[in-house]
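**Student:** Have a look; sequence and predicted model below, questions after that.
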Amino acid sequence: MAGLYVFFGPTDRDRVNQAAGHLTFFAEETRVISTDGFSAAWTCNDDPALFAPASDPETGVTVITSGRIGWPESTWQHAEQLTQFTGGLSNRLLLERYLRSGASALERHNGPAALVLWDPRTRTVHLWTDHFGYHPVFLYRADDPNHTVISTFPEAIADDPIVSVSPDHVAMAEFLSAWRATPPHTYYREVKYAGPATHSTWNLRDRSFNRREYWKPFHELPFTDINAAAEELAAAVSGAVQMRTLPRLGPVVSYTSGGMDSRAVLFGASSRAEMIGLNLYDVPNKESAVAQRLCEAAGVRYVGFPRDTEYYPRWITEGVRLSGGMWSQEDNHFLGTRDLVTSLGARTVMTACTTDWLFKGYGLEKTYSRFLGRNLPISVLTDRRITGFLPNISRVVPDGLATQVTVRLEEHFAETPTELKAPADWLQVEDRRIRPACYAVSVSGQIMYRAFPYDTFLADARVADCYSRSQPAWKLNAELWGLAVRRICKGANHIEDSNFGWRVGSSKSAKLAAFARGWVRRRTRRSGHSTGGLATDGAWPNLGWYAQHSSVLRERWNSTPADVRQTIAWLWGEDPWATPLPEWAAAPNELFRILTLASHLARRPSTRQ
């Protein structure tokens, strides 16, 4: 997918064509609609025969999807019979549902997508966001239909000459502090995220706006025990992956590591002959070897991608252009593979990003168990809410902005308990960190929807129900997720998790035994073993190496304009450029955040102080 831009009012083809240009990042397919009352630009990396907007010539109702809905093969075949409609098959199915059963039939749609529907009979515009808020979608002046804009990209709104926006430096300070802004805020005060699992309605006759949540988690009865939860989660994930790996959607490129999450895609795929497991590394290592073993065990083609020594620094500027600077380029893992993915003929791209958030307790209040003064690889829950976005520890915000940041955080967590005593307490706080998922850190980010024909199985409605019914204690130590993946990957459970060295679904005692063996090996490792290079034994590099050795990063750092440095220094609390670049090797995550925002400010002069 690439993008969506919608506004209301008289026909304005020049404006909508200009908006389409702001959403064209590569050579995307484009559709433009401009009628009295409703104008929209849609651009995509997906197959338009499947995903382009669809209309009903009889009623004039039009459905546009930014992102993807997952359908079983039998439903796709039914869509091919809906010849009374024009446009992509997926949206024909949505049209049929709406015309038969009304707007409620499009709630709980099955995928990471924003749906927009225009009904000229009632002069009504509908917008649905997905359960977790995976697909980015933002609103400008939502409560004023005379000026409302719906878009998947805040920068496109800011570049609309009809629109007036001002920079939100509080959100920028939050990004430098905590890797992210507090939802629904963006880098523009007037542009806000639409909200996860919401149905928004604009009535252009009476100029009214209404928004409600169509789904809230934790209202269903929880699973009775962890094994019942694992059975249902395994079935839900398998079904979600199968729908997204059908032959008609292939070839499918799935980014594959040696860890636990991405293997669920390989072994859950409906057509493994159409699957390609793409693994990234700096030099072949343990991680890449395990990834290759997993692909071979699943009967999936393995492709290794060796990153060069300037990979992450070289893609900063382009990554910022696609992300709007709201996503740290330390996590820009996949953009540099786009040419390869295109050459492989991929019609679907998948990752297992955000599994850590949904089912492995990434956003829970927790601490490590300890033994003989050492942390063990076993976590336990703690009982007091942290008013912030775990797992990262936020950097202190400068005094001039700290109060505003605190107010936003308190508002965001206002309806959650401070003392955590019952399972519902931890889940409520965790949910405030997880949704909307398009704000999540340490994952592939919004950029994937703008660069690839991207989908995520975790946006599936049945997976959302499993999330809603799982206990927080089961998420710790990936206990529930491990049991589910073990069920999905039958026949390959002897292949260890390269991150930890134990088999998927191992018991606590087995994990502790593996940890003890690893500790002994680390203690007896030869003193000549180098740990200071770029490459690691895992999936991602030693980012600190770039601060000392990358000529591309050094050039970007030294060429930062003076007024950009001044704004960053104000938001950071001191001048980062006063610290010699090689010394940032000790804090590479902070360095990449600074470079991310600096690149954004350099592109957007009006956002500077």
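**Tutor:** In hand now; what should we look at? Model, not experiment: these values are computed from the prediction.

**Student:** Ignoring the adjacent residues along the chain, who's closest to Pro436?
**Tutor:** Gly133 (2.6 Å; C-beta to C-beta, 6 or more residues apart in numbering). All C-beta atoms are positioned from the backbone trio N, CA, C, and that covers glycine.

**Student:** need the contact list for the one you found.
**Tutor:** Gly133 makes contacts with Pro183, Tyr193, Gly195, Pro196, Ala197, Arg435, Pro436, Ala437, Cys438, Tyr439, as judged by C-beta atoms under 8 Å, 6 or more residues apart in numbering.

**Student:** and with 6 Å instead?
**Tutor:** Pro196, Arg435, Pro436, Ala437, Cys438 (C-beta atoms under 6 Å, 6 or more residues apart in numbering).

**Student:** Mind checking which of those land in strands?
**Tutor:** Taking DSSP state E, every one of those sits outside strands.

**Student:** I'd like those as CSV, with neighbour count and distance to Val253 appended.
**Tutor:** Below are those laid out as CSV (neighbours: other C-beta atoms under 10 Å; distance: C-beta to C-beta, whole Å):
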residue, neighbour count, distance to Val253
Pro196, 25, 27
Arg435, 24, 27
Pro436, 22, 25
Ala437, 25, 21
Cys438, 26, 21
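
**Student:** residue closest to the middle of this structure?
**Tutor:** Centroid-nearest residue in the chain, with C-alpha atoms, centre = their mean: Gly445, separated by 3.9 Å.

**Student:** now the nearest residue to that residue once chain neighbours are set aside: how far from Ala587?
**Tutor:** Excluding its sequence neighbours, the residue lying closest to Gly445 (C-beta to C-beta, 6+ apart) is Trp327, at 3.9 Å. Per C-beta to C-beta, to the nearest Å, Trp327 is found 19 Å from Ala587.

**Student:** Please identify which of the two sits among more neighbours.
**Tutor:** Trp327 (26 against 17; other C-beta atoms under 10 Å).

**Student:** Pull up the gap between that one and Leu358, please.
**Tutor:** Applying C-beta to C-beta to Trp327 and Leu358 gives a distance of 19 Å.

**Student:** hang on, Trp545 in a helix?
**Tutor:** Yes: looking at Trp545 with DSSP: H, G, I helix; E, B strand; the rest coil, it is inside a helix.

**Student:** Quick check: nearest residue in space to it, chain neighbours excluded?
**Tutor:** According to C-beta to C-beta, 6+ apart, the nearest residue to Trp545 is Leu534 (4.3 Å).

**Student:** Surely the one you found and Asp282 touch.
**Tutor:** Yes: counting by C-beta atoms under 6 Å, Asp282 is a contact partner of Leu534 at 5.5 Å.

**Student:** picking up where we left off before, did I read that right, the residue nearest to Trp545 in a strand?
**Tutor:** No: residue state for Leu534 (three-state DSSP) corresponds to coil; a strand is not indicated.

**Student:** Nearest to Gly299 among the contacts of Gly133?
**Tutor:** For the contacts of Gly133, the closest approach to Gly299 (C-beta to C-beta) belongs to Ala437, at 30.7 Å.

**Student:** ok, now which ones touch that closest one?
**Tutor:** Phe132, Gly133, Tyr134, Thr354.

**Student:** of those, buried ones?
**Tutor:** Phe132, Gly133, Tyr134, Thr354 (16 or more other C-beta atoms under 10 Å).

**Student:** Quick one: residues contacting Ala113.
**Tutor:** Ala113 sits next to Thr65, Gly67, Arg68, Ile69, Asp130, His135 when contact means C-beta under 6 Å, 6+ apart.

**Student:** Could you pull up phi and psi at the closest residue to the second one other than its chain neighbours?
**Tutor:** Of all residues not flanking Gly67 in the chain, Ala113 sits nearest, at 3.1 Å (C-beta to C-beta, 6+ apart). Backbone torsions of Ala113, given as degrees, to the nearest 10, read phi -150, psi 150.

**Student:** ditto for Ser55
**Tutor:** phi -140, psi 150.

**Student:** Likewise for Val552?
**Tutor:** Dihedral angles for Val552 - degrees, to the nearest 10 - are phi -70, psi -50.

**Student:** Just give the number of residues close to it.
**Tutor:** Around Val552 there are 17 residues (other C-beta under 10 Å).

**Student:** ok, now which ones touch it?
**Tutor:** With C-beta under 6 Å, 6+ apart, Val552 has these contacts: Glu310, Pro313, Arg314.

**Student:** What of Ala451?
**Tutor:** For Ala451, counting by C-beta under 6 Å, 6+ apart, the contacting residues are Leu335, Arg338.

**Student:** And Ser238, by the same measure?
**Tutor:** Per C-beta under 6 Å, 6+ apart, neighbours of Ser238: Gly268, Ile488.

**Student:** part of a strand, is it?
**Tutor:** No: Ser238 is assigned helix when assessed by three-state DSSP, not a strand.

**Student:** Tell me how far it lies from Leu266.
**Tutor:** Counting by C-beta to C-beta, the gap from Ser238 to Leu266 is 12 Å.

**Student:** try Gly538
**Tutor:** Gly538 is 19 Å from Leu266, by C-beta to C-beta.

**Student:** and those two? which has more neighbours close in?
**Tutor:** Leu266 (25 against 17).

**Student:** if we can go back for a sec, let me know the closest of the contacts of Gly133 to Pro453.
**Tutor:** Using C-beta to C-beta, the contacts of Gly133 come closest to Pro453 at Cys438, 17.6 Å.
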